[in-house]
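Student: please work out how this folds:
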Amino acid sequence: MGTMCISGATLAKAGANYSADLLTGWTATSEFENWILQAEGFINTATRFNWTDVYAATLDVDVKYVLNQAASDLSAIFAIQYDMSGYTSRNEAESMINILRDDFLRCISILRDKKQQDFINGA
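Tutor: Numbers count the residues shown, from 1 in each chain. Got it, this is the predicted structure:
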């Protein structure tokens with residue numbers, strides 16, 4: 001299980017047309033956990049800080065919300081990419097991915113911004 005978000009947040013962001021296969025079979029638990037862990041690993045690597053290790057103990061709730069948004073955005077992108085056939089069109093799925101990507105990149109920018117480090121570290 002991930003630290004920064006849960007599979008429910010991933011599914012909510014993937015929208016109503018995500019593949020039903022995500023709720024049953026081999027992907028139900030293992031794939032969600034894998035996508036969330038991949039997202040958390042990417043966030044830690046991209047920001048050059050291991051947020052996972054300090055998440056529960058020292059982070060302010062505001063910083064946790066930014067991390068939650070970033071992890072759920074990226075893992076929702078993985079869920080949409082898994083199977084786009086349930087969406088009304090490929091364009092709909094790609095538009096959702098673009099929106100999630102933009103949100104994710106904004107979060108990463110905030111977390112990487114050195115001007116924000118005093119706020120984050122003092123949180």
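Student: in this protein, where is pLDDT below threshold?
Tutor: Along the chain, the parts satisfying pLDDT under 70 run over 25-29, 114, 116-123.
Student: not counting its neighbours along the chain, what's nearest Glu94?
Tutor: Counting by C-beta to C-beta, 6 or more residues apart in numbering, Glu94 lies nearest to Met84, which is 7.9 Å off, once chain neighbours are set aside. In this view, the C-beta of every residue, glycine as well, is placed from N, C-alpha and C.
Student: show me where the chain has helices.
Tutor: Chain-ordered helices for the chain, with DSSP state H as the definition, fall at 7-14, 30-47, 51-58, 61-82, 90-112, 114-122.
Student: my guess is Ala46 meets Arg112, correct?
Tutor: Yes. Using C-beta atoms under 8 Å, Ala46 and Arg112 qualify as a contacting pair, with a distance of 7.0 Å.
Student: gap between Ala73 and Ala57?
Tutor: For residue 73 the amino acid is Asp, not Ala. Note on Asp73: its distance to Ala57, by C-beta to C-beta, to the nearest Å, is 24 Å.
Student: for Ile80, that is, sorry about that
Tutor: 33 Å.
Student: the more surrounded of the two?
Tutor: With other C-beta atoms under 10 Å as the criterion, Ile80 and Ala57 differ in neighbour count, and Ile80 comes out ahead with 23 against 6.
Student: for that one, which residues are in contact?
Tutor: Ile80 makes contact with 14-15, 18, 87, 93, 96-97, 100, according to C-beta atoms under 8 Å, 6 or more residues apart in numbering.
Student: the closest residue in space to Thr88 that isn't next to it in sequence - how many residues pack around it?
Tutor: The spatial neighbour of Thr88 that comes closest, neighbours along the chain excluded (C-beta to C-beta, 6+ apart), is Asn17 at 6.9 Å. A total of 16 residues lie near Asn17 under the criterion other C-beta under 10 Å.
Student: wait, Asn17 sits on Ser89?
Tutor: No. Applying C-beta under 8 Å as the test, Asn17 and Ser89 come out as separate, 10.0 Å apart.
Student: who are the contact partners of Ala16?
Tutor: Ala16 makes contact with no residue under the criterion C-beta under 8 Å, 6+ apart.
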